[in-house]
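*Asks:* A structural model of the following input is requested.
(chains A and B)
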Amino acid sequence: MMVMFVSALTIFVLAVFVGFEVITKVPPTLHTPLMSGSNAISGITLIGALISAGTEQRDLATWLGFVAVVFATINVVGGFLVTHRMLEMFRKRG
Amino acid sequence: MHEAIVNISYLVAAVLFIFGLKGLSHPRTAVRGNLLGALGMLLAVVVTLLWQGIVRYELIIAGLVIGAGIGAILAVKIAMTAMPQLVAMFNGFGGGASVLVAGAALLEAVLIAESAPEIGEAQVLPLQLLVATVASGIIGAVTFWGSFVAFGKLQGVISEKSVVFGGQQAINAVLFAVAVLLGVLVVWNPEATYVYWILVVVASVLGILLVIPIGGADMPVVIALLNSYSGLAAAATGFVLSNNVLIIAGSLVGASGLILTRIMCRAMNRSLTNVLFGVMAPSEAGPSADQVYGGKVKSASAEEIAMVLESARRVVIVPGYGMAVAQAQHAVRDLTSLLENRGTEVEFGIHPVAGRMPGHMNVLLAEADISYEKLKELDDVNPTFAQTDVAIIIGANDVVNPVARTDPHSPIAGMPILEVDKAKTVVVIKRSLSPGFAGIPNPLFTADNTLMFFNDGQKAIRELIAAVKEL
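*Replies:* Numbers count the residues shown, from 1 in each chain, chains lettered A, B, ... in the order given. This is a model prediction of the structure:
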């Protein structure tokens, strides 16, 4: 159990460092698309929501999963789309 | 075998997220970057649907269709000026999803532990799952409700003003302590799953109370911070499910939000604690508006300003939240092209906290087809003001207030400002002499080289355009 936790923690810490490295290089002019785009990525919780909503039995957990699927999909689809819309505006006058 | 395919696909998705964010380091590569991120998400979803033991699809399809529909409509219909509240709302949904997924995982884990044949004395749920569930619940609920309060403030549904009452911080501290205590109870006795939902309610109240005292101009900090929280909530959910792609994606977003939060705080020369808990109030000792302005403000007409612009070789436009409110970005673009066609160099000075979210002004100007190469950051544009003939300030106030340099007791002391007062002529477009967020008068308005143009932002620019054309 402990081993699993430590390896998860390792991944977490390393990913935070990667995040800092990558995101420090984003210019201020793109900070709004960065927020909406990274926000869409945080909608990755959708994966967990799908697993909860797709179980055989129908119980409270399934319905929680269903609502979570709706929430996370709004986050993911809306986030990537609106980011795309903004970035297209930046690109056309490059 | 399936497990290996799933995990490798998740790894590929995580790598795509990283490349996606890396693409955002330049406007030219940014569109592709965002698409890579979306591709990563699609891959992760498809793999999950196929090989993660999902047996019933009706609810999932319904959820995906409803969510995608709402998300797409919001994303396509939203006006660029309303981007801050949209991002706040999306943040909130992400946090809410984390709360629900962690709750569902807890219910299922308890169910499995109860139905499994007794191996030893008691079925013990993994500590990691329980602690992470508590973290997801607290962070997610704070994110959800905090984001919706921020949304309400930005949308004007609730007052944008800072709502402060006595003992606020004490109440917050107590709520946080209660949430942690309930968290310990969840870990101690997970079978009582209702405790988790009480914890979520307490954290929800905390989320509301944390954002209510934040006033309008501090919104960029709070939105960036909530962005970070939504990532951390997703990472915590990753620990609940022992799912690496959630952990990686969540921590990337968490890091991103933290960086933006730090940039915003620095741009105001305030600590995060001060933004979150401090009260922005004009110091008693500061001069009153009458003392500063009394009979010294020079108001000018569009014609007079047009004459100044006629001979200008270099113009710097400084936009603030007022430009967004007046929807003046297209008019500003027209004025820019007009001046450029007459041989004037035009650039924009963008303060990091101008507007209501990081990069807000840049998005509005990009929408109006103004090249990002003309948008200059604080450090790049400040040295050029001495060679600037006209600085036009539209809807900005505190970020150009020279008091930040001169008065160490002012609430904005030490805040890096755009040094427009060094330009030969300063034109300030503003409806009235009302103070900015910091609540202090701005001596820039009375400077010898300042002309005030009292008008709505958009109308003012249109009148300027007409006046310049008539020259």
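
*Asks:* Next one: residue A:52 from chain B, what distance?
*Replies:* Using CB to the nearest CB, to the nearest Å, one obtains 4 Å as the distance from residue A:52 to chain B. Using the backbone N, CA and C atoms, a C-beta is placed for each residue, glycine as well.

*Asks:* For the host helix or strand of that residue, C-alpha coordinates in CSV please.
*Replies:* Residue A:52 belongs to helix A:46-53 when assigned by DSSP states H and E. Listed next in CSV are the C-alpha coordinates belonging to helix A:46-53 (Å, rounded to 0.1, in the frame of the first residue of the first chain):
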residue,chain,number,x,y,z
LEU,A,46,-14.0,12.9,-16.4
ILE,A,47,-12.1,9.6,-16.5
GLY,A,48,-13.1,8.9,-12.9
ALA,A,49,-16.6,10.0,-13.5
LEU,A,50,-17.0,7.6,-16.5
ILE,A,51,-15.8,4.7,-14.3
SER,A,52,-18.4,5.6,-11.6
ALA,A,53,-21.2,6.1,-14.0
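
*Asks:* quick one: buried residues of that helix?
*Replies:* For helix A:46-53, the neighbour count (16 or more other CB atoms under 10 Å in any protein chain shown) marks A:46-53 as buried.

*Asks:* touching chain B at all, the host helix or strand of residue A:12?
*Replies:* Under the criterion DSSP H and E, the helix or strand holding residue A:12 is helix A:2-24. Yes: with CB under 8 Å from any CB of the partner chain as the measure, helix A:2-24 is seen reaching chain B through A:4-5, A:8, A:11-13, A:15-20, A:22-24.

*Asks:* how about residue 65, what does it touch?
*Replies:* Chain wasn't specified; assuming chain A. By CB atoms under 8 Å, 6 or more residues apart in numbering or on different chains, the contact set of residue A:65 is A:49-55, B:59, B:100-101, B:104.

*Asks:* Can you give the distance of stretch A:70-89 from its chain's centre?
*Replies:* Between the centre of stretch A:70-89 and the centre of its host chain there is 11 Å, according to CA atoms, centre = their mean, to the nearest Å.

*Asks:* related to what we said a few turns ago, state the mean pLDDT of the helix holding residue A:52.
*Replies:* When pLDDT is averaged over helix A:46-53, the result is 95.

*Asks:* Let me know the next secondary structure element after that helix.
*Replies:* Using DSSP H and E, the next helix or strand after helix A:46-53 towards the C-terminus is helix A:60-73.

*Asks:* what comes up buried for that following helix?
*Replies:* Within helix A:60-73, the residues that qualify as buried are A:61-62, A:64-73, counting by 16+ other CB under 10 Å.

*Asks:* could I get these as CSV with pLDDT and distance to residue B:469?
*Replies:* As requested, the buried residues of helix A:60-73 are exported to CSV (pLDDT from 0 to 100; distance: CB to CB, whole Å):
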residue, pLDDT, distance to residue B:469
A:61, 92, 67
A:62, 94, 65
A:64, 96, 62
A:65, 96, 61
A:66, 96, 59
A:67, 97, 56
A:68, 97, 56
A:69, 97, 55
A:70, 97, 52
A:71, 97, 51
A:72, 97, 52
A:73, 97, 50
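
*Asks:* And the furthest pair within those?
*Replies:* The two members of those with the most space between them (CB to CB) are A:61 and A:73, at 18.3 Å.

*Asks:* I'd like the distance between residue A:63 and chain B.
*Replies:* Using CB to the nearest CB, we find residue A:63 at a distance of 8 Å from chain B.

*Asks:* Identify the residue nearest residue B:27 in space, chain neighbours excluded?
*Replies:* In space, not counting the residues next to it along the chain, residue B:27 is nearest to residue A:90; the distance is 4.3 Å by CB to CB, 6 or more residues apart in numbering or on different chains.

*Asks:* For the stretch 251-400 of chain B, which segments count as strands?
*Replies:* B:314-319, B:345-350, B:375-377, B:390-394 (DSSP state E, counting those that start in this stretch).

*Asks:* most packed of these?
*Replies:* Compared across those, strand B:390-394 shows the largest average neighbour count, a mean of 28 (mean count of other CB atoms under 10 Å in any protein chain shown).

*Asks:* For that one, which strands pair with it and how are they oriented?
*Replies:* In the sheet containing strand B:390-394, its partner strands are strand B:314-319 (parallel), strand B:425-430 (parallel), by DSSP bridges.

*Asks:* chain center to the next helix-or-strand element following it, what's the gap?
*Replies:* The element immediately downstream of strand B:390-394 (helix or strand, assigned by DSSP H and E) is helix B:403-406. Remark: helix B:403-406 is offset 26 Å from the chain centroid, using CA atoms, centre = their mean.

*Asks:* Need the residues that contact helix B:403-406.
*Replies:* When contacts are taken as CB under 8 Å, 6+ apart, the neighbours of helix B:403-406 outside the stretch itself are B:269, B:398, B:410, B:412-417, B:419, B:440, B:442-443.

*Asks:* what does the stretch 101-250 of chain B have sitting close to chain A?
*Replies:* When proximity is defined by CB under 8 Å from any CB, the stretch 101-250 of chain B lies next to chain A at B:101, B:103-105, B:107-108, B:111, B:126-128, B:223-224, B:227, B:230-231, B:233-235, B:237-250.

*Asks:* hang on, isn't residue B:358 packed against residue A:26?
*Replies:* No: Residue B:358 is beyond contact range of residue A:26, at 10.0 Å (criterion: CB atoms under 8 Å).
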